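Undergrad: After the sequence you'll find the predicted model.
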Amino acid sequence: MSTRTVRGAFATPVTRPEALVQALGGETRIVFDLDGTLYDTRDFEWPALAAVVAWLCERSGRALPGATQALWSRRERDRHRPALFDDLLKEQGLPDSWGAECLRRFHDYPGVELEAAASLNSTLAVLRSDDRRIALVTNGDPELQKRKLDRLGMTDAFDACIFCDPNLPDRLKPSAWAWTQLTDWRGGRPTVHVGDDPVDAAFAAAGGARFVPFKFRSPSHGN
């Protein structure tokens, strides 16, 4: 199932970690999304996009004022639409063939900013100390997603991590593929999925899990 087919009502996510813990109730099997849920995506994507724009400026020999903001706005409008850089290249009269290199640089961005970024790490620790079992299911390039977890200090935070590779689209959320990987982990127990996107809501429904909408917002951004 394409992530772009997901439509319909989506409850306003809670944004305070303490409200999240309350919303989870007594569930002992909790599956988290990564981007926008465990950390504020602005802490990775803004500097990563800025690095791509810096390369475009160097390669083209031109200043591209407003380009980082344009890419971020495009990303926020439709996070699941592919070819992130194509619109900007067309608008700036730059070669379409540069799109692949832009994407490679975005995926290869080191993301060292995440080492000092606010995150849900302390909340995960509280949940684990309360004998909850937690797993991760995330869409995205597996190496990139693993690097984010490492920078966030969350490499060992989960019982299981399922990486849904865009190169295998049938595995992407909201497909139920990841739920089949978690069958033993769930053990037939009620499960809740925490995410920030309608795709996450549809994924929860595909696995018969309760959905809790949550969006992590870093205080460093002021909102």
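TA: Arrived safely, thanks for sending. Numbering: from 1, shown residues only.

Undergrad: so how far is Leu114 from Thr183?
TA: Separation of Thr183 from Leu114 (C-beta to C-beta, to the nearest Å): 31 Å. Using the backbone N, CA and C atoms, a C-beta is placed for each residue, glycine as well.

Undergrad: now swap in Arg75 and tell me
TA: 17 Å.

Undergrad: So those two - more neighbours on which side?
TA: Neighbour totals were compared for Arg75 and Leu114, and Leu114 leads with 22 against 15 (other C-beta atoms under 10 Å).

Undergrad: Confirm that the more buried one sits in a helix.
TA: Yes - Leu114 forms part of a helix when assessed by DSSP: H, G, I helix; E, B strand; the rest coil.

Undergrad: for it, what are its contacts?
TA: Tyr39, Asp43, Phe44, Lys148, Arg151, Leu152 (C-beta atoms under 8 Å, 6 or more residues apart in numbering).

Undergrad: Include neighbour count and secondary structure when you put those residues into TSV, please.
TA: Listed next are the contacts of Leu114 as TSV, based on neighbours: other C-beta atoms under 10 Å; DSSP: H, G, I helix; E, B strand; the rest coil:
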residue	neighbour count	secondary structure
Tyr39	23	strand
Asp43	23	helix
Phe44	24	helix
Lys148	22	helix
Arg151	21	helix
Leu152	22	helix
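
Undergrad: can you give me the end-to-end distance of stretch 164-179?
TA: Terminal residues of stretch 164-179 are spaced 11 Å apart (C-alpha to C-alpha, to the nearest Å).

Undergrad: Sort out which residues of that stretch are buried, please.
TA: Going by neighbour count (16 or more other C-beta atoms under 10 Å), the buried part of stretch 164-179 is Cys164, Arg171, Leu172, Lys173, Pro174, Ser175, Ala176, Trp177, Ala178, Trp179.

Undergrad: my read: Ile134 touches Leu127, true?
TA: Yes - with contact defined as C-beta atoms under 8 Å, Ile134 reaches Leu127; the gap is 5.8 Å.

Undergrad: intersection of neighbour lists for the two?
TA: With contacts taken as C-beta under 8 Å, 6+ apart, Ile134 and Leu127 have Ile30 as neighbours in common.

Undergrad: Give the full set of residues in contact with Ala63.
TA: By C-beta under 8 Å, 6+ apart, the contact list for Ala63 reads Cys57.
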